[in-house]
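Trainee: have a look at this fold, sequence not included:
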């Protein structure tokens, strides 16, 4: 299998329980699609190598379409279960979560 074929069949899916730390204004792409930028924060205790570990992380995220419109009405600090995929923007160094769905956790 070639690298391109492997990439085409690979899995890029993220599920994360996080709170909304920053919520940008609802904007529209040049094609007229609603979009919103946000920052998510996660904090939990997980097991790693048989030991409990405190985990904290912050992640930039973006949503488009009806998901963006739904997110625009949520309050800061609200806790959700987000589902989506990671992509690094052409002008960036860090991955961004592209939210495809979210629900109350």
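Mentor: Arrived safely, thanks for sending. Since the structure is predicted, the reported quantities are computational estimates derived from the model, not experimental observations.
Trainee: rest of the way, CA atoms for contacts and neighbours
Mentor: Will do.
Trainee: where do the helices sit along this structure?
Mentor: Here the chain has its helices, by DSSP state H, at 3-9, 65-71.
Trainee: all strands for the protein, in order.
Mentor: Counting by DSSP state E, the chain has strands at residues 14-23, 27-28, 34-48, 51-64, 79-87, 96-104.
Trainee: got those as a markdown table, with distance to residue 70, mean neighbour count and mean pLDDT columns?
Mentor: Shown next, in a markdown table, are those (distance: least, CA to CA, whole Å; neighbours: other CA atoms under 10 Å; pLDDT from 0 to 100):
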| stretch | distance to residue 70 | mean neighbour count | mean pLDDT |
| --- | --- | --- | --- |
| strand 14-23 | 12 | 18 | 96 |
| strand 27-28 | 13 | 15 | 97 |
| strand 34-48 | 10 | 16 | 96 |
| strand 51-64 | 10 | 15 | 97 |
| strand 79-87 | 12 | 17 | 97 |
| strand 96-104 | 9 | 17 | 96 |
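Trainee: contact partners for residue 89?
Mentor: Shown in contact with residue 89 (CA atoms under 8 Å, 6 or more residues apart in numbering): 95-96.
Trainee: pLDDT at it, what is it?
Mentor: Listed pLDDT for residue 89 reads 89.
Trainee: likewise residue 1?
Mentor: Looking at residue 1, its pLDDT reads 52.
Trainee: rank the helices of the chain by pLDDT, which is bottom?
Mentor: For those, where the average pLDDT is lowest is helix 3-9, sitting at a mean of 66.
Trainee: hmm, back to that, between the strands of the chain, which one is nearest to residue 8?
Mentor: Residue 8 lies closest to strand 79-87 among the strands of the chain, at 14.1 Å (CA to CA).
Trainee: so that closest one versus strand 96-104, what angle?
Mentor: Counting by axes from the mean of the first three to the mean of the last three CA atoms, to 10 degrees, strand 79-87 points 150 degrees away from the direction of strand 96-104.
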